[in-house]
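Student: Here is a sequence with its predicted model. Questions after.
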Amino acid sequence: MGKTIIEKTVNEVKIMLLSLSFISRIPVRLPGKMTVTDGDIKACVRYFSLIGYIPGLTFALGRTTHNTIFYLTSIAIAFWLFDLFHFDGLLDTFDGFFNQGTKEKRLQIMSYGNVGPFAVFFGMLYMISFWEIFKIAPPINFIYASVFGRLSMTTLLHISRPSKEEGLGAFLYPTSKINLIISFLWTMPLLFIKPYHFIIAFVVSQLTALSMKYISEKKISGVTGDVLGATSLLGQIFVLVGLSLFCN
């Protein structure tokens, strides 16, 4: 016997809350009688782009103040709650991908999580670039960047394969195409606000996902959880750059 509409709705709310807990530091406690399956975890990727509205609005609110203290406060809150563990993945990806060793050596470096010279240099470059863009970009751009940055992560999940048989990245594979479609649908409200922004953000986010797939296949024969997190942040800043170049 199939599930009723109410049961399906409750299940979707559960998956959305799982998604929030999966890609943020916001504590989420499900009712004790709710069971969580592997399928629920894999399905939570469909809400990644929806969750992106929260850090995007946080950045945007800080940017509207025209005050450096509030700029820094909004960046600190959004990164603490949503982007810091993606930033950790970004640093590990820099250290691993720029190493001249074998695939196995790169994966070993990424799994250790120690901060090496490539991570320090390119991590600083990322934050300086983000700060410089933050000071000049319109607040609305940060909502597009956060939402489409997370869409690039979901796209990468659908067009790639795991580099390892275990770990966070491998746990999300395989994922159904319906999750990518739903994730894309969450971006649609942005189409009606600024259509040209939407087109630029969509194209840049998909190019980011395709580029990360190509580079990651070449470097470590697949994708890890670190690479997924790095893709979200790279997609975010590339969308900001794209919007700054073509929409302002």
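Tutor: Nice, thanks for sending it over. Numbering: from 1, shown residues only.

Student: shaky segments in this structure?
Tutor: Segments of the chain classed as low confidence (criterion: pLDDT under 70) are 1-2, 248.

Student: Please state the offset of the longest helix along it from the chain centre?
Tutor: Determined from DSSP state H, the single longest helix within the chain is helix 195-220. On the basis of C-alpha atoms, centre = their mean, to the nearest Å, helix 195-220 sits 12 Å off its chain's mean C-alpha point.

Student: packing partners for it?
Tutor: Helices and strands touching helix 195-220, by 3 or more C-beta pairs under 8 Å, 6 or more residues apart in numbering; DSSP states H and E, are helix 84-97, helix 103-112, helix 139-159, helix 188-193, helix 225-246. All C-beta atoms are positioned from the backbone trio N, CA, C, and that covers glycine.

Student: could those helices go into a markdown table alongside distance to residue 217?
Tutor: Written out in a markdown table, the entries for these read as follows (distance: least, C-beta to C-beta, whole Å):
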| stretch | distance to residue 217 |
| --- | --- |
| helix 84-97 | 12 |
| helix 103-112 | 10 |
| helix 139-159 | 10 |
| helix 188-193 | 30 |
| helix 225-246 | 10 |
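
Student: Output stretch 22-31 as PDB - backbone C-alpha positions only.
Tutor: Extracted C-alpha coordinates of stretch 22-31, given in PDB (Å, rounded to 0.1, in the frame of the first residue of the first chain):
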ATOM      1  CA  PHE A  22      24.000  17.900   6.600                       C
ATOM      2  CA  ILE A  23      25.400  21.200   5.100                       C
ATOM      3  CA  SER A  24      25.100  23.500   8.100                       C
ATOM      4  CA  ARG A  25      26.000  23.800  11.800                       C
ATOM      5  CA  ILE A  26      22.400  24.500  12.700                       C
ATOM      6  CA  PRO A  27      21.300  21.700  15.200                       C
ATOM      7  CA  VAL A  28      18.400  19.700  13.900                       C
ATOM      8  CA  ARG A  29      16.700  17.100  16.100                       C
ATOM      9  CA  LEU A  30      14.200  14.800  14.500                       C
ATOM     10  CA  PRO A  31      11.400  13.100  16.500                       C
END
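
Student: What residues sit buried inside that stretch?
Tutor: 22-24 (16 or more other C-beta atoms under 10 Å).

Student: List of residues touching it?
Tutor: The contact list for stretch 22-31, computed with C-beta atoms under 8 Å, 6 or more residues apart in numbering, reads 14, 17-18, 20-21, 36, 41, 44, 48, 51, 54, 80-82, 84-86, 150, 232.
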